[in-house]
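# just need the structure, nothing else, for what follows:
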Amino acid sequence: MPHHDVLVIGAGLAGQRAALAAAEHGASVGIISKVHPVRSHSNAAQGGINAALRAEDSWESHAFDTIKGSDYLGDQDAIEVMCKEAPGELLDLEHLGVTFHRDEQGRLGTRAFGGASAARTYYVADITGQAILHVLYEQLMKHSEVHRYEEWFTTALVQDDAGRIAGAITRNIRDGSLELFAAKAVILASGGNGQLYDPTTNALICTGDGIAMAYRIGAPLMDMEMIQYHPTTLAGLGLLITEGARGEGAHLYNAQGERFMEKYAPNKMELASRDVVSRAEQTEINEGRGFPDGTVALDITVVPRKRIHEALREIVNVGRDFAGVDITSEPIHIKPGNHYTMGGIRTDVDGRTSIPGLYAAGECACVSVHGGNRLGANSLLDTLVFGRRSGKHAAQAVHGQPIPEPSRAQLDDEERRIAAVVGRDGNGRRVSEIKAELGQTMDRYVAVFRDEDGLRQALEIVRRLKDEAQDVGIDDKGSVFNQDVLGALELQFMLDNAEAIVISAIERKESRGAQYRTDFPERNDEDWLKHINVSANGSEPEISYSEVTMTQWEPQERTY
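Residues are numbered from 1 along each chain as shown. You can find the predicted model right below:
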C-alpha cells in the first residue's frame, strides 16, 4: 500500500503549490493527477495574477475591490489574508523564474482588470497560468520528497473508523488497476466543475471530482449557486477571450454600433466586474440588439497592433483558428459563457474542511474569497496563497502521527462498484448523451438569468439524469486507458455537483453577484447576507446557513 504524510489530489497550480509547501515543511508528499500535471486546467488562465505590489497601491484597496466584487458575500478575514500575502507570493514566483512582463524601465509591469481600482494585474502575455504551471512543475521535479502519480484517477476518499481521512482509492488509467493510498492528510486540489455546462471555457477534465468526493463523505459545500459566466467567450465553442483584451482597451459594441456599457457601468465601462458585464451583454442580446448569431462584438482593433501581438498573441491565434477573424483588423463576436465556480468545499483560511485531515484548495474549495463574483486575476492568487497555506498546515498538523491503516474492505467495495460499471451492457443511454443534456439544461436554466420555474425544471431534469446515469451503456471492456469507464464515473460526480448548484440557486431568493433571479431582482441583505451550505443527507441534500465574516467593510450599494 503506497503511503505518504500528505496526499495531494490534483496537480494544477493549487495542487503543485500545496505539494511544494508540504515538502518544504518536512512531509513526504504524493501528488496524484488524472492528466500529466502540465496539462492541468491552470494552463487556461490567460490574463494574470493580482497583487498590490506598487507603492501607490495597498492591500486594503485590493481587499475592498475584492469584497465589492463579491457583492459582499466574500468572507473578509479570508480576503484580507489573500490580499496581504499576494505581493510575497508574486515575488516568490518571479524569483523562481516566472517571466512576468516588465515595463520600459525594467520593472514588473501591470495591466488593468475588471472591478479593480488600480492596475495591479501582473502577467506573462496571455499565457500567465501556463507560465506559472511549468515553473512550479520544475520545482516539483527537484524535490525527492514529492512522489508524482501522473494519469491516476481518484474515485473515492477513505476514512478510518473515527471519521478521520485515511487516504484515497485511485485507478491507474494506464492499466485499470485500483490502488489504495494511505495518507495522514489529503488535500483536494482537483479544480472546478465547468463541464456541467455546455458551452464552457473549462477543459474536459473539469468535472467536479473533488467537490463530489468530499460531499459524499459529509463535507459541506458552500456558495454553490455562484457560477461565473465570463463576458467574452466564442459562441458555440466556449473558448475564452481573455479579460486582458479589455484591460488593454478593447471595446464592446452591440449590433447597432452602440458602446452599450455606457448604460450599465458608466464609470468602469468594459472593466466593470464580470457579472455586471455578462448581464449587460445578455440583456442586449435578449432585447434584440445583438447580432443574429446571439452575440455582441468585442473590438480589439482600438489596441495598437504591436501591443496586440505582444500582450494578446494567443488570442490572435484563437480568433484566426476558431472564428476565422483577424482581431487586429476586425471585431470578433462573443457572448457570456460558463467559466468558474465561486462555490465549493467549505474550508477555513488554512484549507481545513469539516472532515479531520481533509483539506481543499483552489477552485474546488470555497474559502470564501470570491463570494458572489470573482474578480479577474484573483483565481491564480487564490490557488497559490491557499494552496501554500494548505500544504504548510497539513504537513505541520500530521508531523509525528503514524500512517493510518485504511480498511481494505473499502477498496474491495470500490472494486466491485467499478467492476459493475465495466460489466454493464451497451443498452443504456450513452455518457455523451446524458452529459450533453445536462450541459444544455444548466446553460438554459442556471446561467446569467434565473427564475423559480426554470430552476425547478433544471432540478427535475438533473434528478432524472442521476437515475439514468446509474445505467449508462459501456462499450469498452478493456483496462488500458478506458475512457468509457472514466466518463461514467465523472458523470456521476458532475450530477452531484449539478444538484447542489440548482438546489442552492432555488434557495437563494434574491439577486447577488452571479445569482440573478428575475423573480427576485434586488439584493436583500436583511434576509440573504449569508452563505448557503449543502450537505449530503441520504438521498436528499440538506440546506443550512453560515454567517458572512465581516471585518472593516460594511455592505453598500454596488455600482461601477
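
# quick one: the helices in the stretch 301-450 of the chain?
305-311, 313-318, 379-397, 408-422, 431-445 (DSSP state H, counting those that start in this stretch).

# right, so of those helices, which gets closest to residue 558?
Closest to residue 558 of those is helix 379-397 (CB to CB; 20.2 Å). C-beta: built from backbone N, CA, C; applies to glycine.

# pLDDT of that closest one, averaged?
For helix 379-397, mean pLDDT rounds to 97.

# run the chain-centre distance for that helix.
Counting by CA atoms, centre = their mean, to the nearest Å, helix 379-397 is centred 16 Å from the centre of its parent chain.

# hmm, back to that, among the helices of the stretch 301-450 of the chain, which is nearest residue 81?
By CB to CB (comparing all of those), the closest turns out to be helix 379-397, at 7.1 Å.

# for the closest one, C-alpha coordinates in CSV please.
What follows is helix 379-397, C-alpha atoms only, in CSV (Å, rounded to 0.1, in the frame of the first residue of the first chain):
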residue,chain,number,x,y,z
SER,A,379,-8.2,33.0,-9.2
LEU,A,380,-4.5,32.3,-9.7
LEU,A,381,-3.8,34.2,-6.5
ASP,A,382,-6.4,32.1,-4.7
THR,A,383,-4.8,28.8,-5.9
LEU,A,384,-1.3,29.9,-4.8
VAL,A,385,-2.0,31.5,-1.5
PHE,A,386,-4.4,28.9,-0.2
GLY,A,387,-2.5,26.0,-1.9
ARG,A,388,0.6,27.0,0.0
ARG,A,389,-1.3,27.5,3.3
SER,A,390,-3.0,24.1,3.0
GLY,A,391,0.3,22.3,2.3
LYS,A,392,2.1,24.0,5.2
HIS,A,393,-0.8,23.4,7.7
ALA,A,394,-1.2,19.8,6.6
ALA,A,395,2.5,19.0,6.9
GLN,A,396,2.7,20.6,10.4
ALA,A,397,-0.5,19.0,11.6
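
# name the helix or strand for residue 185, please.
Assigned by DSSP states H and E, residue 185 belongs to strand 178-188.

# rewinding a little: distance to residue 275 for the helices of the stretch 301-450 of the chain - can I get that in JSON lines?
Supplementary listing: those in JSON lines, determined by distance: least, CB to CB, whole Å:
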{"stretch": "helix 305-311", "distance to residue 275": "25"}
{"stretch": "helix 313-318", "distance to residue 275": "22"}
{"stretch": "helix 379-397", "distance to residue 275": "15"}
{"stretch": "helix 408-422", "distance to residue 275": "38"}
{"stretch": "helix 431-445", "distance to residue 275": "16"}
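
# residue 553 reaches residue 76, doesn't it?
Yes. Taking CB atoms under 8 Å as the definition, residue 553 is a contact partner of residue 76 at 6.1 Å.

# between the two, who's got more neighbours?
Set residue 553 next to residue 76 and count neighbours by other CB atoms under 10 Å: residue 76 wins out with 21 against 17.

# for that one, which non-adjacent residue is spatially closest?
Excluding the flanking residues, the one nearest residue 76 by CB to CB, 6 or more residues apart in numbering is residue 551, at 4.1 Å.

# so what pLDDT did that neighbour get?
For residue 551, the pLDDT comes out at 96.

# helices along the stretch 151-300 of the chain, start to end?
Along the stretch 151-300 of the chain, counting by DSSP H, counting those that start in this stretch, helices occupy 209-216, 244-247, 261-264, 274-286.

# rebuild those helices as CSV, extending it with distance to residue 398 and mean pLDDT.
Listed next are those as CSV, based on distance: least, CB to CB, whole Å; pLDDT from 0 to 100:
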stretch, distance to residue 398, mean pLDDT
helix 209-216, 18, 97
helix 244-247, 40, 90
helix 261-264, 50, 96
helix 274-286, 38, 96
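
# nearest to residue 349, out of those helices?
Residue 349 lies closest, by CB to CB, to one member of these: helix 209-216, at 17.6 Å.

# on that earlier part again, now the residue nearest to residue 76: phi and psi?
Main-chain dihedrals, residue 551, degrees, to the nearest 10: phi -120, psi -70.

# right, and it touches residue 80 too?
Yes. With contacts counted by CB under 8 Å, residue 551 reaches residue 80, the gap being 6.3 Å.

# neighbour-wise, which of these two wins?
residue 80 (22 against 12).

# pull the contacting residues for the spatially closest residue to residue 293 that is not a sequence neighbour.
Leaving aside its chain neighbours, residue 293 sits nearest to residue 235 (5.8 Å; criterion: CB to CB, 6+ apart). Neighbour list for residue 235: 199, 293-295, 333-335 [criterion: CB atoms under 8 Å, 6 or more residues apart in numbering].

# hey, what's in contact with both of residue 553 and residue 76?
Joint contacts of residue 553 and residue 76 (CB under 8 Å, 6+ apart) are 63, 67.

# about what we covered before: out of the helices of the stretch 151-300 of the chain, flag the one nearest residue 329.
Nearest to residue 329, of the helices of the stretch 151-300 of the chain and by CB to CB, is helix 244-247 at 14.7 Å.

# name the surrounding residues that touch that closest one.
46-48, 111-114, 119, 121, 123, 126, 232, 252, 270-271, 298, 300, 303, 311-312, 315.

# from these, which would you call buried?
46-48, 111-114, 121, 123, 126, 232, 252, 270-271, 298, 300, 303, 311-312, 315 (16 or more other CB atoms under 10 Å).

# sketch out the low-pLDDT regions of this protein for me.
Scanning the chain for pLDDT under 70 picks out nothing.
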